[in-house]
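Undergrad: sequence first, then the predicted structure:
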Amino acid sequence: MISTAKRLEGIGEYYFSQKLRAIDELNRQGKQIINLGIGSPDMPPHPDVIKTLQEESAKPNVHAYQNYKGSPVLREAIAAWYTTWYNITLNAGTEILPLIGSKEGIMHICMTYINEGDDVYVPNPGYPTYRSAARLAGGHIVEYTLEEKNNWLPDLEALAKQIAGSKKQQSARLLFVNYPHMPTGQLPTHSFFESLVAFAKANNVLIVHDNPYSFILNDHPESILSVAGAKDVAVELNSLSKSQNMAGWRVGMLCGAQERIDEVLRFKSNMDSGMFLPVQLAAAKALTLGQDWYDSLNTMYRNRREKVFALLQLLDCSFSVQQAGMFVWAKIPASYKDGYALSDEVLHNAGVFITPGGIFGDAGNHYIRVSLCCTEQKIQESIERVKASLKGKK
């Protein structure tokens, strides 16, 4: 009998992988579901980025294996991007590692630093991949709860007590953080990042800061690496998926001290053979785009967000209008048991899929998350469908 490895125990199929199959089945039945669940940009990259890919991939000498550390052209472009937008100087040769998507980087980091049973601190609510990747690497998940009353920021004093209460002796613990935060849209401040770096130094923690949303509906992108001494205790993941509309291209990056980059490369170089060079060169082009690109992107998302606010008001949800990122996080009415109940009702009665907040941890049970990766027309249609379904309830 063939059985799966023990490391898969407790690891289910990714929620959206399952849900998309269910939505596909409803569509086959003629339901025409509007998907407001997943944060996959629905617009293409800049035309110059696509043109670069086309031109470079037509060349005869670009189809071989590539440098495991990525093309120098891409690494230089990442360094320049960090200087321009985050006011940070990175050594392109030693402090940057291109990734086949930042989700890949989460797994690489876990496999590089986690020993069997090591504590790994993950936010609740938070991106589910932090939990699953750490568990696959053998880590022991320790959740730290984020609450609306604390502006979805960690209680560092309580977290320090959690760490002090652990009897495990470890050379490094991983602490996953993610600001602008997904799913709540909470923005960071520089003073928060300073507190976080000081906390990491005092508690022997390696911070893994996941930073893919800093350009979406946010005029002041922040990086934890802007804090003095941050490279001693932190690495940062970033991505072109959201800010450049390149989710399917799978281009991300890990930034940090040379020692950290070299350590992760020891694992990563055994997992893949580099990224297609034309994709890297097109990504480098994308990183040169100016303020006009981000302004146009955010104008679109801002208009969509206004319509999502109207949808959420119909559902009697409460929410902050100051959120960043490509989602809106909202608290459900007390009349619903949890976000799953509201999500299922809207799906089956209105043909609109909205993500239940509980998939991000039980601290999200009384919330839902709505994606902005859908046209204004589709969001308006969702509003009309929900209006009709609410009339039907009466």
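TA: Nice, I can see it. Nothing here was measured: the structure is a model prediction, and the numbers come from that model. Numbering: from 1, shown residues only.

Undergrad: surely residue 78 is in contact with residue 288?
TA: No: the pair residue 78 / residue 288 is not scored as a contact, 11.1 Å apart, by C-beta atoms under 8 Å. No exception for glycine: its C-beta is placed from N, CA and C like everyone else's.

Undergrad: what's stretch 150-164 in contact with?
TA: With C-beta atoms under 8 Å, 6 or more residues apart in numbering as the test, stretch 150-164 has contacts from 119, 121, 123, 142, 144-146, 173, 175, 177, 181, 184, 186, 192, 195-196, 199, 202-203, 205.

Undergrad: shaky segments in the chain?
TA: Residues of the chain that meet the criterion pLDDT under 70 lie in 13-14, 16, 167-172, 392-394.

Undergrad: can you give me the domain assignment for it?
TA: By the assignment in automatic domain parsing, the chain contains the domains 6-44+292-393, 47-286.

Undergrad: highest average neighbour count across those?
TA: Of these, the one with the most neighbours on average (mean count of other C-beta atoms under 10 Å) is domain 47-286, at a mean of 19.

Undergrad: measure it end to end?
TA: Start-to-end span of domain 47-286 (C-alpha to C-alpha, to the nearest Å) is 10 Å.

Undergrad: quick one: the strands in the chain?
TA: Taking DSSP state E as the criterion, the chain carries its strands at 34-35, 96-99, 119-124, 140-145, 173-177, 205-210, 234-239, 252-255, 318-319, 327-331, 352-353, 355-356, 367-371.

Undergrad: list the helices and strands the fourth one packs on?
TA: Meaning strand 140-145. Where contact means 3 or more C-beta pairs under 8 Å, 6 or more residues apart in numbering; DSSP states H and E, strand 140-145 is packed against strand 119-124, helix 128-136, helix 156-165.

Undergrad: relative to residue 317, which of these is closest?
TA: strand 119-124 (20.5 Å; C-beta to C-beta).

Undergrad: centre of the chain to the closest one, how far?
TA: Distance of strand 119-124 from its chain centroid, counting by C-alpha atoms, centre = their mean, to the nearest Å, is 15 Å.

Undergrad: neighbouring strands of it in the sheet, and parallel or not?
TA: Next to strand 119-124 in the sheet, as set by DSSP bridges, lie strand 140-145 (parallel), strand 173-177 (parallel).

Undergrad: format the CA atom coordinates belonging to the first one as PDB.
TA: Output for strand 140-145, consisting of C-alpha atoms alone and laid out as PDB, is shown next (Å, rounded to 0.1, in the frame of the first residue of the first chain):
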ATOM      1  CA  HIS A 140       5.600  23.700  15.500                       C
ATOM      2  CA  ILE A 141       3.100  26.500  14.800                       C
ATOM      3  CA  VAL A 142       2.600  29.100  17.500                       C
ATOM      4  CA  GLU A 143      -0.100  31.600  16.500                       C
ATOM      5  CA  TYR A 144       0.000  35.200  17.700                       C
ATOM      6  CA  THR A 145      -3.400  36.800  17.600                       C
END
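
Undergrad: give me the angle between the longest helix anywhere in the chain and strand 327-331.
TA: Criterion DSSP state H: the longest helix present in the chain is helix 291-314. Put simply, helix 291-314 runs at 30 degrees to strand 327-331, going by axes from the mean of the first three to the mean of the last three C-alpha atoms, to 10 degrees.

Undergrad: can you tell me what sits against helix 291-314?
TA: By C-beta under 8 Å, 6+ apart, helix 291-314 touches 36, 43, 46, 215-217, 243, 245, 319, 321, 326, 328, 330, 370, 372, 374-376, 379-380, 382-383, 386-387, 390.

Undergrad: among those residues, which are in helices?
TA: 376, 379-380, 382-383, 386-387, 390.
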